[in-house]
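J.: Turn this into a model:
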Amino acid sequence: MLYLIHGGSDTEETWTRVGQAHLIADNLIAQKKAVPMIIVMPYGNVRPKPMADFSRDMMQDIIPFVENNYPVLTDSRNRAIAGFSVGGGQTLNIGLTNASHFSYICSFAPYTATEEFKMNFTNWSPDAAMINQQLKLLALYCGTEDFLYESVKRISFF
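T.: The predicted model follows:
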């Protein structure tokens, strides 16, 4: 189960129309580099509504809806979250503040200049050993030419 969150100027359709996520997933599965999965691409452009509402929507509405209506494995070992730009920031907000619900957290060029990110991580003192036991993968990616590169380099959680 992969929850894939789009960037701030995009919609959930961008992952398939532009990013070709469905074709990439099919090819990775065919090459035995990924296992078959359902990919949920929620509409995450919550402005002007607070981004914290999207985090709550994911944990209280979207994930329970998917798990109650589709034949998916519901344990954290079989749940991943990933996102790009604003969706990358949302991925970190949702994934790290709910680490017991995910085994894989992957953020691409995360936009972190949001009130929710500051609220969640300015004075965050997590149990790093526990999070390391829960997560199989925590990954942050950003190109060196991306305007977010310097802010991503400054992210320090543990």
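
J.: Point out where this protein drops to low pLDDT.
T.: In the predicted model of the chain, residues 46-50, 157-158 satisfy pLDDT under 70.

J.: now do 80
T.: Along the chain, the parts satisfying pLDDT under 80 run over 45-52, 156-158.

J.: Run through the strands of it in chain order.
T.: 2-5, 39-40, 80-84, 104-108, 137-141 (DSSP state E).

J.: Dump those strands into CSV; add mean neighbour count as well.
T.: Just so you know, the C-beta spots here come from the backbone N, C-alpha and C atoms, and that holds for glycine as well. Below are the strands of the chain laid out as CSV (neighbours: other CB atoms under 10 Å):
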stretch, mean neighbour count
strand 2-5, 24
strand 39-40, 17
strand 80-84, 25
strand 104-108, 23
strand 137-141, 15
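
J.: how about those in CSV, adding distance to Gly95?
T.: CSV is the format used below for those (distance: least, CB to CB, whole Å):
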stretch, distance to Gly95
strand 2-5, 9
strand 39-40, 14
strand 80-84, 5
strand 104-108, 4
strand 137-141, 8
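
J.: tell me which residues of the longest helix along the chain are tucked away?
T.: Ranked by residue count, the top helix of the chain under DSSP state H comes out as helix 86-97. Neighbour counts using 16 or more other CB atoms under 10 Å place Val86, Gly87, Gly88, Gly89, Gln90, Thr91, Leu92, Asn93, Ile94, Gly95, Leu96, Thr97 of helix 86-97 among the buried residues.

J.: List just the nearest of those to Trp15.
T.: Closest approach to Trp15 among the buried residues of helix 86-97 (CB to CB): Gly87, at 9.4 Å.

J.: can I assume the closest one is in contact with His6?
T.: Yes: here Gly87 lies in contact with His6, judged by CB atoms under 8 Å, at a distance of 5.0 Å.

J.: Quick check: neighbours shared by those two?
T.: Residues touching both Gly87 and His6 (CB atoms under 8 Å, 6 or more residues apart in numbering) are Gly44.

J.: And Gly87, how far from Asp127?
T.: 26 Å (CB to CB, to the nearest Å).

J.: Return the residues in contact with the residue nearest to Met130 when sequence neighbours are not counted.
T.: What sits nearest to Met130 in space, not counting adjacent residues and going by CB to CB, 6 or more residues apart in numbering, is Ala99, at 7.8 Å. For Ala99, the contacting residues are Ile105, Pro126, Met130, Ile131, Gln134, Leu135, by CB under 8 Å, 6+ apart.
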